[in-house]
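Fold the following, please.
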Amino acid sequence: MKILVLSDTHGEIDECNHVLKKVDKIDLIIHLGDYSSDVVNVKKIFKLDIINVRGNCDRMDTKTKDEMIVTLKGKKLFLTHGHIYGVKTNLDRIFYRAKELQVDIALFGHSHVPVSITYEDMLLFNPGSISMPRKGSKKSFGIIELKQNSVESKIYPITEFLPNKEY
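The predicted structure is shown next:
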């Protein structure tokens, strides 16, 4: 199962749409908040299943959950935007919450800085921001592949899929 992971699109989905056209065989999109309305727009164009959680900039969206746990291909994933867990400062609180929930993967955004760390057999993964990167990072998204006995994750700067644009 190939999952495209996005966060912090902040209403700027043109590049997101271009990237989605170029990524092969996506089974699912996960959007980790900050602009739930972007999820609706992406769904209209690509007709893919999208799971999303609400971010700190989605206060008016009362229908979307702040966090959720989903099980895909036998792996338990914790989805949250991350602001509740102070991920801009450190990953301690999100790690311990994910450990408490006994998940295999914790997905979060909020910091606009990509992170892919495996610690105590748990993947902590932030795809960065496809629209507004911070702290010297590039505009990015992530792909997680759930295989029979493994999880592969990679963060991609969008320039790999849109090489003729300058960022």
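
ok, now which ones touch the nearest residue to residue 70 once chain neighbours are set aside?
Distance criterion CB to CB, 6 or more residues apart in numbering; nearest residue to residue 70, sequence neighbours excluded, is residue 77 at 5.2 Å. Every residue, glycine included, has its C-beta placed from N, CA and C. Contact analysis of residue 77 by CB atoms under 8 Å, 6 or more residues apart in numbering lists 30, 69-71, 103-107.

so residue 77 sits in a strand?
Yes - Residue 77: assigned to a strand according to DSSP: H, G, I helix; E, B strand; the rest coil.

Bridged to it, which residues?
Beta-bridge pairing for residue 77 (DSSP bridges): residue 70, residue 105.

swap in residue 122?
residue 119.

Next: the one 4 residues further on.
Using DSSP bridges, the beta-bridge partners of residue 126 come out as residue 115.

please renumber so the chain begins at 412
With the count now opening at 412, the last piece we talked about shows up as residue 537.

pretty sure it contacts residue 519?
Yes - counting by CB atoms under 8 Å, residue 537 touches residue 519, with 5.3 Å between them.

Common neighbours of these two, please.
Any residue near both residue 537 and residue 519 by CB under 8 Å, 6+ apart counts here, and that gives 418, 443, 493, 498.

I appreciate the help and will end here.
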